[in-house]
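> Quick one, what's the 3D model for this:
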Amino acid sequence: MLDFGPLLAFFLVNAKWGLLPATAALVPLSVVALLASWKLEGQVSRIALYGTVAVVVFGGVTLALRDETFIKVKLTVINALLGGVLAVGLVRGKSLLEGLLGKDLRMTAAGWRLLTLRFALFFFFLAGLNEVLRRVLSTDAWVKFKVFGVIGTTFVFMLLQAPLLKKHALEERKE
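Numbering: from 1, shown residues only. The predicted structure is shown next:
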């Protein structure tokens, strides 16, 4: 709920007052959610930290310049960066996802490489999709895509990875 709360507020404020006030709500709520997560869990994930920094930077520029483009482009930039980082890791022979998820998910090296490639391509897909949709949709429709479409698409993508996870799973160690 901490992750989704600021997005839900963003959606609701946009529906009532528009994108600039929604961005003005999203920025501090994202910081509060990050701090609350840190207080409750004693740590924050790098992804949550980077996401909050991106919201503060792109949201801040959006508000300072009163230009909605920057908050809309944030999704493109973040996803392109994530895809790029994962792709560069693969080129260098490393699955960066294994470093992030390897404690919770045990798979073969081939499974990690394939999962990392799929995630890199998925992030590039989301970046491209956002670029198209931010240009052709109304602001309200884009906000719906950002809040619900991205989450839904990500959920479906992750479900579609179940066969790969099963095929490349390693046996649990018995201690």
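> If you count neighbours, what's buried in the helix or strand of the chain with the lowest mean pLDDT?
When each helix and strand of the chain is scored by mean pLDDT, DSSP states H and E, helix 96-101 comes last, with a mean of 86. Across helix 96-101, burial judged by 16 or more other Cβ atoms under 10 Å covers 96, 97, 98. For the C-beta atoms, the positions are set from N, CA and C on the backbone; glycine is no exception.
> Check stretch 52-60 too.
Within stretch 52-60, the residues that qualify as buried are 52, 54, 55, 56, 58, 59, counting by 16+ other Cβ under 10 Å.
> ok so, going back, mind giving me the packing neighbours of the least confident helix or strand of the chain?
In this structure, helix 96-101 packs against helix 69-91, helix 109-136, with contacts taken as 3 or more Cβ pairs under 8 Å, 6 or more residues apart in numbering; DSSP states H and E.
> Next, format those as TSV and append distance to residue 157.
Formatted as TSV, the helices and strands packed on helix 96-101 follow (distance: least, Cβ to Cβ, whole Å):
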stretch	distance to residue 157
helix 69-91	12
helix 109-136	5
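> right, and those helices - which one's nearest residue 4?
Taking Cβ to Cβ, helix 69-91 is the member of these nearest to residue 4, at 15.7 Å.
> Tell me what angle the closest one forms with helix 109-136.
Interaxial angle, helix 69-91 versus helix 109-136 (axes from the mean of the first three to the mean of the last three Cα atoms, to 10 degrees): 160 degrees.
> Helix 69-91 packs against which elements?
Helix 69-91 packs on helix 19-41, helix 46-65, helix 96-101, helix 109-136, going by 3+ Cβ pairs under 8 Å, 6+ apart.
> domains in this structure, as residue ranges please.
As assigned by automatic domain parsing, the chain contains the domains 1-66, 68-175.
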